[in-house]
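Novice: Here is a sequence together with a model predicted from it:
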Amino acid sequence: MIPQTTLAEASALLDHLRARDLRVATAESCTGGLVAAALTAIAGSSDVVDRGFVTYSNAAKTQLLGVPEALIASVGAVSEEVAWRMAEGAIAHSEADLAIAITGVAGPGGGSAEKPVGLVWFGAARRGGPTITAREMFSGDRTEVRAHAVLTAFRLLRRMA
């Protein structure tokens, strides 16, 4: 179930993108498709949402988005470099104008001293324009970390528009 506040944010984002005639693609790891799910829960979203990639495994990041295996091996899947490449890959493998990528440690396990639970990297790309990254450290349980990540993705997309 998607919270009403998230649906309201999704609806506002869709209106914002629609007014600018922009289409979006998502590339999600730790959120497992929650950004795409929230956007497509809104009737009429098909004129804005192009496609979504759920690239939970490292192999999927490589196969679907073109993130080099060697990069993942050297810096790890939860990194600025991989988030950037995921966003760039989503643009390259879609017809979208904007792409948002998310990779992180939602928990409760899987964290380390260098990459603790709650660490999430974002990449946001605009076709023919810049790609930016953002690092966030969210508190809370797995559900809360993922919910924060969805709302942050919405804010980054709005910024890129």
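Specialist: Right, received. Where do you want to start?
Novice: List of residues touching the longest helix seen in the chain?
Specialist: Across the chain, the longest stretch assigned as helix under DSSP state H is helix 142-160. Residues outside helix 142-160 that contact it (Cβ atoms under 8 Å, 6 or more residues apart in numbering): 3, 6, 9-10, 13, 16-17, 24, 26, 30-32, 34-35, 38, 98, 100, 102, 104, 106-108, 117-118, 120, 122, 124-126, 129, 132, 134, 136, 138-140. No exception for glycine: its C-beta is placed from N, CA and C like everyone else's.
Novice: OK, contacts around residue 108?
Specialist: By Cβ under 8 Å, 6+ apart, residue 108 lies in contact with 117, 141, 142.
Novice: so how many other residues sit close to the last one?
Specialist: Around residue 142 there are 16 other residues, counting by other Cβ atoms under 10 Å.
Novice: again, but for residue 37
Specialist: When neighbours are counted by other Cβ under 10 Å, residue 37 comes out with 18.
Novice: Tell me which stretches of the protein form helices.
Specialist: Applying DSSP H to the chain gives helices spanning 4-19, 34-40, 58-65, 69-75, 80-92, 142-160.
Novice: Distance from the second one to the middle of the chain?
Specialist: The chain centre lies 10 Å from the centre of helix 34-40; the measure is Cα atoms, centre = their mean, to the nearest Å.
Novice: Using PDB, write down the CA coordinates of it.
Specialist: Output of helix 34-40 as PDB, limited to C-alpha atoms (Å, rounded to 0.1, in the frame of the first residue of the first chain):
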ATOM      1  CA  LEU A  34       8.600   1.700  -5.500                       C
ATOM      2  CA  VAL A  35       9.200   5.000  -7.400                       C
ATOM      3  CA  ALA A  36       7.700   3.500 -10.500                       C
ATOM      4  CA  ALA A  37       4.900   2.000  -8.500                       C
ATOM      5  CA  ALA A  38       4.000   5.300  -6.900                       C
ATOM      6  CA  LEU A  39       4.100   7.100 -10.200                       C
ATOM      7  CA  THR A  40       2.000   4.500 -12.000                       C
END
